[in-house]
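Undergrad: Sequence first, predicted model second:
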Amino acid sequence: MQTAEEARAARVACPIAPGRRELNYAANVEPTRTAYRQLLEMPLCSHGCCHIICAMTDVTKYLDGRTLILLSNREPYEHLASSERVHVRQPPGGLVSALDPTMRRTSGTWVAWGSGSADRETSDAVGRLGVPPYDPAYTLRRVWLSEMDIEGYYLGFANSALWPLCHLLIQHFEFHAEHWESYKAVNERFAAAVHEESLRAKGVAQVWVQDYHFALVPAELRRRAGNIFIHHFWHIPFPPPDILRLLPMGIPEALLTGLLGNDLVEFHTERYAQNFLSCVREFLPDADVRGESLRVGIDGRQVMLGAFPISIDVEAFERLALSEESDARATALRQRYARGGRALGISVDRIDYTKGIPERLRALDRLWTDTPELRGRFTMIIVATPSRTELVPYQNLQSEVLASVRQLNERFGTPDWEPIVLVHENVHAELLAAVYRAADLCLVSSLQDGMNLVAKEFVASQVDEHGVLVLSRFTGAAEEIADAVLINPFNVGGFADGIRTALEMPPDERRRRMRAMRAQLHRSTIFDWLESILVKCAALMDSRLADDGGRERNAVGGDGATNGPPRSRATSTRSADDWREALP
């Protein structure tokens, strides 16, 4: 890990202020409900830095008579204890921004790991509480994990085995049998919690499982409740059979069988869905795989697959970019870092080995080495948020990034030009929108990425249409977004050429490309993503109703018990933290 001195040397002053909104609960202070509701209507940006205003399409009609039970590893509201107060915050992640408003409108149930230090004292004996706090609209059911569970299930199998395999970065793959056993046990525990919540559902339960943390849950839930409707969004790439084969014998079969407990499995792209089907053919030869129609027949059931590329709240980012504050910040940023005709570049990532940050720095090194006349021509702002710092590969990567930035600045910098501005903390979405708007180019260099929403955030914020998106062709976004400059991050010279192309692109060509990307993005927002999935689920559930002779069945036999959100045991209230000033 880097020392504090190294961190200071690598980071220079920047008008991007770190921070995160939190709600503070102080005893015996009545909350201001209007202000609280205003905050709750502002969902998180996709990389989890802050809240942005949301104007969503009403998708509740697709849930009429049904109770949505959502399962994710990360909870939508987390209670944190301090010496005097209990803080409530929405943890990082774009999932919350899309689904929390829907859950509030439909009085559903969200099942998740209770990760906050004050989560137990603010829940009932089972782990339930009504959320949002002080204006409960749906139920949060927390599941408790021990330190050993976190080590084995989350940091171990999920993030040291599945994560690198799915991203094809096998040099980071690490398997331990005890981690697999923990993953199985935790998945069974979550399946049991979902089953319990489905028994309380007022309407027919629709279970929506999120991501690679819960590959075994669908089959386990199917075992407990045979005809319950289950679907699953897989947020990361799905690997081909030769990669999945690196897991010990029997484990690929278990993972695939687990996922085939779903009625519908959702991926970002058809390529990932076809990889899944190839794995099923290879490891489950008795399954009936239909590649053309994206379906699998198994155990007398049909499992559908689909491509549903996730997106962002486009209008929200546009509003942020067009605000007076953003306009002032963008102007200040350009005066500070792009004066004298310089260009301004931006990249935004978690520090993760899938994001290609070292490859990006090597491309910048090559560019400035091979083309000395470009030195001083543009400044690169790199927002690199710490991530999974408990894992050694992430610690090593963080040290490598900090050291590389320091070396590049020492090598190429001049008294009036710092080549790279490293922001090594979370950044407000409001500030990011200003940086995106001010930037002349955005570099996305992922080695593998399920989608990459930073690319879409940049396009949405480019209201002046002068920026160029330089995009890795190994992202799901590259299969959706035309008119980006596509690069291969493994080809350092080609990557440097892509940056040069972006810097030298004429203004008219920049505007034409950006206008086309923005038009396409407006046709594919986070709410289009959500609606397309719920429409598909509604059609499948209605088909089941017809097959059942007009009687929609739920094998868990919902007993009509009240599913209204329980009251939290917390008795304290909150006040919003002040924003830190972004600009001098």
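TA: Right, received. Where do you want to start? Numbering: from 1, shown residues only.
Undergrad: Return the per-residue confidence for Ile52.
TA: Note for Ile52: predicted pLDDT of 42.
Undergrad: dump the residue contacts of the closest residue in space to Arg388 that isn't next to it in sequence.
TA: Nearest residue to Arg388, sequence neighbours excluded (Cβ to Cβ, 6 or more residues apart in numbering): Tyr394, at 4.6 Å. (Each C-beta comes from the backbone N, C-alpha and C, glycine too.) Tyr394 is in contact with 351-353, 387-388, counting by Cβ atoms under 8 Å, 6 or more residues apart in numbering.
Undergrad: Kindly report the same for Phe283.
TA: 241, 244, 252-253, 256.
Undergrad: Format the residues you listed as a markdown table; extra columns: neighbour count, distance to Trp529 and secondary structure.
TA: A markdown table is the format used below for these (neighbours: other Cβ atoms under 10 Å; distance: Cβ to Cβ, whole Å; DSSP: H, G, I helix; E, B strand; the rest coil):
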| residue | neighbour count | distance to Trp529 | secondary structure |
| --- | --- | --- | --- |
| Pro241 | 15 | 28 | helix |
| Leu244 | 23 | 26 | helix |
| Pro252 | 22 | 29 | helix |
| Glu253 | 16 | 31 | helix |
| Leu256 | 21 | 25 | helix |
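Undergrad: Which members of the residues you listed define the maximum pairwise distance?
TA: Within the contacts of Phe283, Pro241 and Glu253 form the most distant pair, 11.7 Å apart (Cβ to Cβ).
Undergrad: mind giving me the domain split of this structure?
TA: Domains of the chain are assigned by automatic domain parsing as 31-311+526-545, 314-522.
Undergrad: chain center to the shortest one: distance?
TA: How far domain 314-522 lies from its chain's middle: 18 Å, per Cα atoms, centre = their mean, to the nearest Å.
Undergrad: Give me the distance between the two termini of that domain.
TA: Domain 314-522 has an end-to-end distance of 7 Å (Cα to Cα, to the nearest Å).
Undergrad: do stretch 476-491 as well
TA: Note: stretch 476-491 ends 19 Å apart using Cα to Cα.
Undergrad: Only the buried residues of that stretch, if you could.
TA: Within stretch 476-491, the residues that count as buried by 16 or more other Cβ atoms under 10 Å are 476-481, 483-489.
Undergrad: in stretch 270-288, what's buried?
TA: The neighbour-count check on stretch 270-288 (16+ other Cβ under 10 Å) flags 272-280, 282-284, 287 as buried.
Undergrad: Show me these that map onto helices.
TA: 272-280, 282-283 (DSSP state H).
Undergrad: Let me see the ranges of the helices in the stretch 451-584 of the chain.
TA: Applying DSSP state H, counting those that start in this stretch to the stretch 451-584 of the chain gives helices spanning 454-461, 492-504, 507-522, 526-547.
Undergrad: List the residues that contact Thr75.
TA: For the record, residue 75 is Glu, not Thr. By Cβ under 8 Å, 6+ apart, the contact list for Glu75 reads 91, 110, 112-116, 119, 140, 142.
Undergrad: Please apply the same query to Glu324.
TA: If you count contacts by Cβ under 8 Å, 6+ apart, Glu324 has none.
Undergrad: what about it, distance to Thr331?
TA: 11 Å (Cβ to Cβ, to the nearest Å).
Undergrad: again with Phe412
TA: Phe412 is 26 Å from Thr331, by Cβ to Cβ.
Undergrad: what about those two, which has more around it?
TA: In this view Phe412 and Thr331 are compared by other Cβ atoms under 10 Å, and Phe412 has more residues nearby, 20 against 14.
Undergrad: who's in contact with the more buried one?
TA: Going by Cβ under 8 Å, 6+ apart, Phe412 touches 368, 375, 419.
Undergrad: how does it look with 10 Å?
TA: For Phe412, the contact set (Cβ atoms under 10 Å, 6 or more residues apart in numbering) comprises 364-365, 367-369, 372, 374-376, 418-420.
Undergrad: okay, these in JSON lines with distance to Ser198 and pLDDT next?
TA: Converted to JSON lines, those look like this (distance: Cβ to Cβ, whole Å; pLDDT from 0 to 100):
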{"residue": "Leu364", "distance to Ser198": "52", "pLDDT": "98"}
{"residue": "Asp365", "distance to Ser198": "54", "pLDDT": "98"}
{"residue": "Leu367", "distance to Ser198": "55", "pLDDT": "97"}
{"residue": "Trp368", "distance to Ser198": "58", "pLDDT": "97"}
{"residue": "Thr369", "distance to Ser198": "60", "pLDDT": "97"}
{"residue": "Pro372", "distance to Ser198": "65", "pLDDT": "95"}
{"residue": "Leu374", "distance to Ser198": "59", "pLDDT": "93"}
{"residue": "Arg375", "distance to Ser198": "61", "pLDDT": "94"}
{"residue": "Gly376", "distance to Ser198": "62", "pLDDT": "92"}
{"residue": "Glu418", "distance to Ser198": "56", "pLDDT": "95"}
{"residue": "Pro419", "distance to Ser198": "55", "pLDDT": "97"}
{"residue": "Ile420", "distance to Ser198": "51", "pLDDT": "97"}
